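Engineer: fold the following for me, if possible:
(chains A, B, C, D, E and F)
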Protein chains: 6
Amino acid sequence: MRLAYVLPGPLSLGHPGGKQELQRREEILQAWAAPGTTVVVREVAAGPPSIESAYEEYLSLAQTAGLLQTLQGEGFDAAIIGCFGDPCLDALYEVTEGLVVVGPGDASFHLAAMLGESFGVVTVDDGIVGPIRRQVAGSGLAARLAHVAVVQTPVLEMSGDLDELVERTCAGAREVVARGADTVVLGCMSMAFLDLGPRIEAAVGIPVVNPVQAALMTAEGRGRFGLRHSKRAYPLPRKVAAGASLPDLYVRS
Amino acid sequence: MRLAYVLPGPLSLGHPGGKQELQRREEILQAWAAPGTTVVVREVAAGPPSIESAYEEYLSLAQTAGLLQTLQGEGFDAAIIGCFGDPCLDALYEVTEGLVVVGPGDASFHLAAMLGESFGVVTVDDGIVGPIRRQVAGSGLAARLAHVAVVQTPVLEMSGDLDELVERTCAGAREVVARGADTVVLGCMSMAFLDLGPRIEAAVGIPVVNPVQAALMTAEGRGRFGLRHSKRAYPLPRKVAAGASLPDLYVRS
Amino acid sequence: MRLAYVLPGPLSLGHPGGKQELQRREEILQAWAAPGTTVVVREVAAGPPSIESAYEEYLSLAQTAGLLQTLQGEGFDAAIIGCFGDPCLDALYEVTEGLVVVGPGDASFHLAAMLGESFGVVTVDDGIVGPIRRQVAGSGLAARLAHVAVVQTPVLEMSGDLDELVERTCAGAREVVARGADTVVLGCMSMAFLDLGPRIEAAVGIPVVNPVQAALMTAEGRGRFGLRHSKRAYPLPRKVAAGASLPDLYVRS
Amino acid sequence: MRLAYVLPGPLSLGHPGGKQELQRREEILQAWAAPGTTVVVREVAAGPPSIESAYEEYLSLAQTAGLLQTLQGEGFDAAIIGCFGDPCLDALYEVTEGLVVVGPGDASFHLAAMLGESFGVVTVDDGIVGPIRRQVAGSGLAARLAHVAVVQTPVLEMSGDLDELVERTCAGAREVVARGADTVVLGCMSMAFLDLGPRIEAAVGIPVVNPVQAALMTAEGRGRFGLRHSKRAYPLPRKVAAGASLPDLYVRS
Amino acid sequence: MRLAYVLPGPLSLGHPGGKQELQRREEILQAWAAPGTTVVVREVAAGPPSIESAYEEYLSLAQTAGLLQTLQGEGFDAAIIGCFGDPCLDALYEVTEGLVVVGPGDASFHLAAMLGESFGVVTVDDGIVGPIRRQVAGSGLAARLAHVAVVQTPVLEMSGDLDELVERTCAGAREVVARGADTVVLGCMSMAFLDLGPRIEAAVGIPVVNPVQAALMTAEGRGRFGLRHSKRAYPLPRKVAAGASLPDLYVRS
Amino acid sequence: MRLAYVLPGPLSLGHPGGKQELQRREEILQAWAAPGTTVVVREVAAGPPSIESAYEEYLSLAQTAGLLQTLQGEGFDAAIIGCFGDPCLDALYEVTEGLVVVGPGDASFHLAAMLGESFGVVTVDDGIVGPIRRQVAGSGLAARLAHVAVVQTPVLEMSGDLDELVERTCAGAREVVARGADTVVLGCMSMAFLDLGPRIEAAVGIPVVNPVQAALMTAEGRGRFGLRHSKRAYPLPRKVAAGASLPDLYVRS
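Structural biologist: A predicted model of the protein is given here:
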């Protein structure tokens, strides 16, 4: 199976590691993938370098949609949207049809709901707490969300002092446990690629859902069984169904 | 009070009436406004000519946000987003602060909830049913929504045969009543500017909420009393708080 | 537009200001009203001097309903029920038809829901916390209510030491923020007529919804557009539809 | 145990049977009561002869509250509010303390929820459907309510053609089953005193909850074990706690 | 009326009081029963000596079902499942028809919901908190549950130091009040048979629901009026309907 | 990875194919598994030959739990409970720790929720509709369930006329679509092993979730990443934590 991990913004332009960070993530994905899966990381040409607000989420749409259509044309089986916030997932569902598209947040929330009765999320900073709450509600699991805690670290500075980040994340995990959570979701892909899960699980004693892994297992499974989203729920936009291309939907005066 | 009605896409490029349609809408808005309110219609320079999918909603963000910031700078008191779907309202809340911003759908749902126990929506076509359901849920009123019916008419062809449109809309209103609604919301601004409400109310016997009117009364009231959205709920994006402009959030490789 | 503010109990008999308090409130209402609106304050002849329990709410019905019918006959466009608890709003909807009737609590909750994701209420005392919780649930917004805090001050003693009241209200606002609210509603009309909002907003940093203003903008807007409650949801009582007057519904042995 | 069945309106003035109807109901209650229970029917001196709207519900408060306080003084163990709508139950809870007070609707909904997964209500006419829906929501069981059907018969004409009434009620029961109910509640005390349950259960094949019986078993049980409502949830009105009598709460100018 | 209290596990083999504990409970039940009710305690021949986990709940099914069918054959009117967790209540409903079957937890939750707006549960230990939360949700009352507190005492050691147990239970009751409860349910039958309610109510000032009493009044009432569970909701298992006995459903290779 | 598919009842004793049916299922599982996964089918020694009621679900517990503990001892990575109803999943979570345990229903509901906005289930017969509704609620997704339809075919007769079964299942799928579903879940493992999905998807045009596939991809993914259920949510039963074996929990007089 051929799977693409799609960065909905040009991370390499903002991340201290540059293009090497993409390479590093591709290696982790490949290492975590099942035998028989080939994963490539693809970055859009333009967009927000990191996504820390609803504003930046929506901003990523056009480029990401275009890239998904390209991947569909290249015969990929599945694509993971490389942002925990699942930016514009409903719109991406609308404009794709033959491709499995996976939102890591959505996959993580549903996985967490299978592991316990109430989950918490530990994410980067205050600006994303509201969007995550609305995202969990969109996944239909608002009643299962105990709390969202933050580590107060910008996405692009996350790879700094790892021990401090582990400490902050453990503090966040303990905070969500105190609010009733029995399971915790790491609420940021950059955090997830640092693979903090095992250390946090050891320290706090509850399952830790890594959204990269949740998205990977969901994409592989759905890809293998051809489980694409329902076009009855997410129909092609009327104009596209009538023959327009995606760029045609955007006109200028 | 100075109020702007912001078209989140260049409607004039798609509508048979062209720029005159903007003029026509401005006159209706001014006629419906309270004494002391000045309304201007402002159109973004680029975007979707009409919004009939989640995809087109998100596509409208950057231009609309930019225009809102301009209006804020020009000292406007309030702005209405001129699309029933309230496209990207949370993101627009994030990037504005001194301006009252009103989503017509949100205003309409809350108004309908005050008029009865259960409301329905009659909108343009199937592609927008899912987005409207999610929008009502986002407004916190999912339990009050009885049904969404469609007239199967594209937005840009709405001004054609008015009698037929009234008939279809009445059929939709009767459909939502059959599903338990006691109040109906017109789910499209183009439909709302045709002022079908009185004819439908007369025919079906339930209150008809016109989203232009709902947005207008909400914008005027919130504008008069300075009731802006909560920045605690919708904080400025981290990068903007640190000094970036909105265009800075979008980078290219 | 002619708008009446209806006191559902003879406040002037209990308030230290007597009839002058009615005059004072009328002046504030007129000052806050839109150009073109004339507001009069009307007080029922009998009932509870202040409303601090569900018991006193229901006690206000007959006189208030009679006064609303009188106002309807006098050609008023809209009436605001002058109590945050919206006493007997469903019953008042049943027995009126040509008049816009507005409940300040209902209007405030829906307005608060438009400004943020979660609101709190600061009200007078413990006895009204339960009724307010049930009222928010009746408005369909229970999931949006974070908390109800109290200032422990009787309604009729509210105009005493204003600085102390501001301090207590700020403490209440901070309490609801600590429980997750991002917006606060002042839960008492007497509190609202003291216009504490700006001081609290300045101190606590979240929007403050004043129920007098919320009711006023809703009544003006609904009055202007003729948006009366749904008679399908609130039909005329069977006996009234058959010709009985409201007093006929009450018989004595 | 001494139990009173309190008619919240002077039924005998409206019912074709006059005072004999009270006698008839007392005999049925006594026949249905457990050994050791004495039941008396008590009618208020003034109020609505029958309750078919929210308006008439609230109208019954003052007289009913006064009678409950009298019964409390006479040493009764428990009182049943003799109207399916539980008129003003929260207010009656506020102003009583040493007396068990039972709402028949509340008791019926909770009993129905124990018998199946989803219940329906068959009641008198359209005007009471909305109030019953709000009442079920107030009992916390909205998600369990499948449907409310009506027999279109005024309360005071219910004792006419019994066979026709059975037929209409069976039609209503079948209607709620078609909407997913597995249990049905008779939504009117006058209907309940006709003891239609067994005939409907035989015809439709689902349990039929009779609100007179539901209220009786709840009142007897709560009376026996001293289970009065929570004063923490329904505190005495502030003015009453400070010494006022109930009539003191109602002043006249 | 003849009523059986069915112990779903052989309590006498685990309890320090042995068979005398059964006798003691029968005497309490008889003392609490209404005039005219005869109560017998019946213990299954095999199963968990006490139930402190979901695992032990399900383990009790076959023996309990068999005993219920025996009681049905012996002409009993009603049976109470003698465990607060209502183990396998839906399955017991499926395989019985002519017998009233009562779950004490279900009866207690619905009773508590009638006494206040929000209830808490005080139960034995951590292992049963999750099952109780799921049980309340199954009763349809999740939104009314404020909190579950634990006394950290094993079921079979509960009759040790009574004063200490009262103290711990009061601490638990205060904990649920701090989380918003206005009513408390004792979440264990062994706790209930110690009749701690009055002491806790006196100390904490909120109603205390004793599940033995709640089940007793429900069983007596439903038994008197023949209110059995809905067979439409809980049909006989297909194989049993086709003639199989309960033991036939369990085959061995 | 080593994965076991655990039949919670001795299917081979009831199925016309006998032990060959187990072999057939193992081959399908192996064919559907990812490279690197070895799947074995294991059947308990005693229990219900098929599960068509809540009664039979609970009956399967002890043997299934024992087998899971054996598999845990044999070093298996993951086990799928081979019944759509996820019988006793919470109890199985309690008594296992080092083993990934997957319920196919739970996995299917969460997967369906990722593919659309509202899903339906098509299952075997009326007796299992109630249990499935409660199961979906337990998964936290009640608001996403549109409808449960039945094919009226006993589990053990399912392999008869395949074309007729496809026809009935398509009829069920169309029924759930008519109730608002955009995705359908096959609600029985025997149905799932007949691999009807592609034919139904082709006929009805919505995604079809096969619970065998849903469980397989979930078990493989969770197994690979060591994502076991939360012991904080499902603690070991107190007696087991104190040293008892599972059989010790069941005593006989």
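Engineer: just the helices in chain A please.
Structural biologist: Remark: helices assigned in chain A by DSSP state H are A:11-14, A:19-32, A:54-59, A:61-73, A:89-95, A:104-115, A:129-138, A:162-178, A:189-192, A:197-204, A:211-225, A:238-241.
Engineer: wait, what's in contact with the residue in the stretch 101-250 of chain A that chain D sits nearest to?
Structural biologist: Nearest residue of the stretch 101-250 of chain A to chain D, counting by CB to the nearest CB: residue A:143, 12.0 Å away. To be clear about C-beta, it is placed using only N, CA and C from the backbone, and glycine gets the same treatment. For residue A:143, the contact set (CB atoms under 8 Å, 6 or more residues apart in numbering or on different chains) comprises E:142, F:140.
Engineer: please apply the same query to the one 4 residues further on.
Structural biologist: With contacts defined as CB under 8 Å, 6+ apart, residue A:147 is in contact with A:120, A:121, A:175, A:176, A:179, A:180, A:181.
Engineer: go again with 10 Å.
Structural biologist: A:118-122, A:129, A:133, A:172, A:175-181, A:184, C:180 (CB atoms under 10 Å, 6 or more residues apart in numbering or on different chains).
Engineer: write out the residues of the stretch 101-250 of chain A neighbouring chain E.
Structural biologist: Contact residues, the stretch 101-250 of chain A versus chain E (CB under 10 Å from any CB of the partner chain): A:116, A:117, A:118, A:143, A:180, A:182.
Engineer: now the two most distant members of these.
Structural biologist: Using CB to CB, the pair of these lying farthest apart is A:143 and A:182, separated by 14.3 Å.
Engineer: tell me the pLDDT of residue A:196.
Structural biologist: Looking at residue A:196, its pLDDT reads 89.
Engineer: tell me how far it lies from residue A:162.
Structural biologist: Distance from residue A:196 to residue A:162, counting by CB to CB, to the nearest Å: 8 Å.
Engineer: of these two, who's got more company?
Structural biologist: When neighbours are counted by other CB atoms under 10 Å in any protein chain shown, residue A:196 and residue A:162 differ, and residue A:196 comes out ahead with 21 against 12.
Engineer: how about that one, phi and psi?
Structural biologist: Backbone torsions for residue A:196, taken as degrees, to the nearest 10, come to phi -80, psi -10.
Engineer: got the contact list for it?
Structural biologist: Going by CB under 10 Å, 6+ apart, residue A:196 touches A:122, A:162, A:165, A:166, A:168, A:169, A:170, A:173, A:186, A:208, A:210.
Engineer: top of those by number of neighbours, please.
Structural biologist: Ranked by the number of neighbours (other CB under 10 Å), the contacts of residue A:196 place residue A:186 first, at 31 neighbours.
Engineer: if any of the contacts of residue A:147 are buried, give me the ChimeraX selection for them.
Structural biologist: Command for ChimeraX, covering only those of those found buried under the criterion 16 or more other CB atoms under 10 Å in any protein chain shown:
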select /A:118,119,120,121,122,129,133,172,175,176,177,181,184
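Engineer: what about chain F: which of the contacts of residue A:147 touch it?
Structural biologist: A:118, A:119, A:177, A:181, A:184.
Engineer: so the fourth one sits right up against residue A:205, yeah?
Structural biologist: No. Counting by CB atoms under 10 Å, residue A:181 does not reach residue A:205; the two are 11.9 Å apart.
Engineer: stretch A:101-111 vs chain F: in contact?
Structural biologist: Yes. With CB under 10 Å from any CB as the criterion, chain F is reached by stretch A:101-111 at A:102, A:103, A:106, A:107, A:109, A:110, A:111.
Engineer: show me what counts as buried in stretch A:80-97.
Structural biologist: Counting neighbours by 16+ other CB under 10 Å, one finds that the buried residues in stretch A:80-97 are A:80-96.
Engineer: and if you look at stretch A:139-159?
Structural biologist: For stretch A:139-159, burial by neighbour count (16+ other CB under 10 Å) applies to A:139-151, A:153-156, A:158-159.
Engineer: per-residue pLDDT, the spatially closest residue to residue A:190 that is not a sequence neighbour?
Structural biologist: Among residues not flanking residue A:190 along the chain, residue A:158 sits closest, at 4.6 Å (CB to CB, 6 or more residues apart in numbering or on different chains). On the pLDDT scale, residue A:158 is placed at 82.
Engineer: quick check: residue A:158 touching residue A:11?
Structural biologist: No. Using CB under 10 Å, residue A:158 is not in contact with residue A:11; the gap is 11.6 Å.
Engineer: what is in contact with these two at once?
Structural biologist: Going by CB under 10 Å, 6+ apart, residues that sit against residue A:158 and also against residue A:11 are A:50, A:189, A:190.
Engineer: most neighbours of all those, which one?
Structural biologist: Counting neighbours by other CB under 10 Å, residue A:189 comes out on top of these with 28 neighbours.
Engineer: tell me the contacts of the closest residue to chain E within the stretch 101-250 of chain A?
Structural biologist: Using CB to the nearest CB, the closest approach of the stretch 101-250 of chain A to chain E is made by residue A:117 at 6.0 Å. Going by CB under 10 Å, 6+ apart, residue A:117 touches A:144, A:146, A:180-183, E:129-130, E:133-134, E:137, F:90, F:138, F:140, F:230, F:232-234.
Engineer: how about residue A:237, what does it touch?
Structural biologist: A:91, A:94-95, A:244, A:246, A:249, B:48, B:51-56, B:127-128.
Engineer: now, the most widely separated pair of those residues?
Structural biologist: Farthest-apart pair in the contacts of residue A:237 is A:246 and B:128; separation 17.8 Å (CB to CB).
Engineer: the more surrounded of the two?
Structural biologist: Per other CB under 10 Å, whichever of residue A:246 and residue B:128 has more neighbours is residue B:128, with 28 against 18.
Engineer: tell me the pLDDT at the more buried one?
Structural biologist: 95.
Engineer: and the closest residue to it other than its chain neighbours, how many residues sit next to it?
Structural biologist: Nearest residue to residue B:128, sequence neighbours excluded (CB to CB, 6+ apart): residue B:52, at 5.8 Å. Neighbour count for residue B:52, taken as other CB under 10 Å: 25.
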